[in-house]
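*Asks:* attaching a predicted model along with its sequence, questions to come.
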Amino acid sequence: LETLAKNIAYKVKRTRRPVSLEPMNPYERRIIHSALQNDKYVFTKSEGEEPFRHVVIALKKEERRERRPRYERRERTAGSENSYRSSSQE
């Protein structure tokens with residue numbers, strides 16, 4: 001299960017998409033959580049109700065924030081340039 005957790009964490013980092021694992025008993029879920037608790041880039045959470053409770057592995061929010069400013073800067077830059085061009089044309 002530890003190997004499974006690390007392989008899925010690698011997939012999550014590569015694809016930047018969360019992965020839901022198959023339903024597991026509490027002991028198995030705990031192994032997954034423990035295997036990834038020190039990973040800087042992913043987090044784990046359990047979702048659902050027994051007997052269908054499962055672990056979800058996803059990117060930590062810090063990873064998502066690092067990507068957002070690039071897009072925000074593009075939008076602001078484009079908006080600023082348009083405003084500047086409008087002013088200079090008048």
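*Replies:* Yes, it's here. Quick caveat: nothing in here was measured; it's all calculated off a predicted structure.

*Asks:* tell me where this structure has strands.
*Replies:* Assigned by DSSP state E, the chain shows strands spanning 19-20, 42-47, 54-59.

*Asks:* could I get the ones you listed as JSON lines with mean pLDDT?
*Replies:* Formatted as JSON lines, the entries for those read as follows, by pLDDT from 0 to 100:
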{"stretch": "strand 19-20", "mean pLDDT": "97"}
{"stretch": "strand 42-47", "mean pLDDT": "97"}
{"stretch": "strand 54-59", "mean pLDDT": "98"}
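
*Asks:* I'd like those strands as TSV, with mean neighbour count and distance to residue 9 appended.
*Replies:* Where C-beta positions appear, they are placed from N, C-alpha and C, glycine not excepted. Compiled in TSV, the strands of the chain are given as follows (neighbours: other C-beta atoms under 10 Å; distance: least, C-beta to C-beta, whole Å):
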stretch	mean neighbour count	distance to residue 9
strand 19-20	14	9
strand 42-47	16	5
strand 54-59	20	6
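
*Asks:* report how many residues lie close to residue 29.
*Replies:* Here the neighbour count serves as a burial measure; for residue 29 (other C-beta atoms under 10 Å) it reads 19.

*Asks:* hmm, residue 28 and residue 2 touching each other?
*Replies:* No - assessed by C-beta atoms under 8 Å, residue 2 is found out of contact with residue 28, at 10.8 Å.

*Asks:* so between those two, which is more surrounded?
*Replies:* The residue with more neighbours, out of residue 2 and residue 28, is residue 28; 16 against 11, by other C-beta under 10 Å.

*Asks:* could you double-check that the more buried one sits in contact with residue 1?
*Replies:* Yes - with contact taken as C-beta under 8 Å, residue 28 and residue 1 are classed as touching, separated by 5.9 Å.

*Asks:* identify the residues contacting stretch 54-62?
*Replies:* For stretch 54-62, the external contacting residues (C-beta atoms under 8 Å, 6 or more residues apart in numbering) are 5, 8-9, 12-13, 16, 18-24, 29, 32-33, 36, 40-48.
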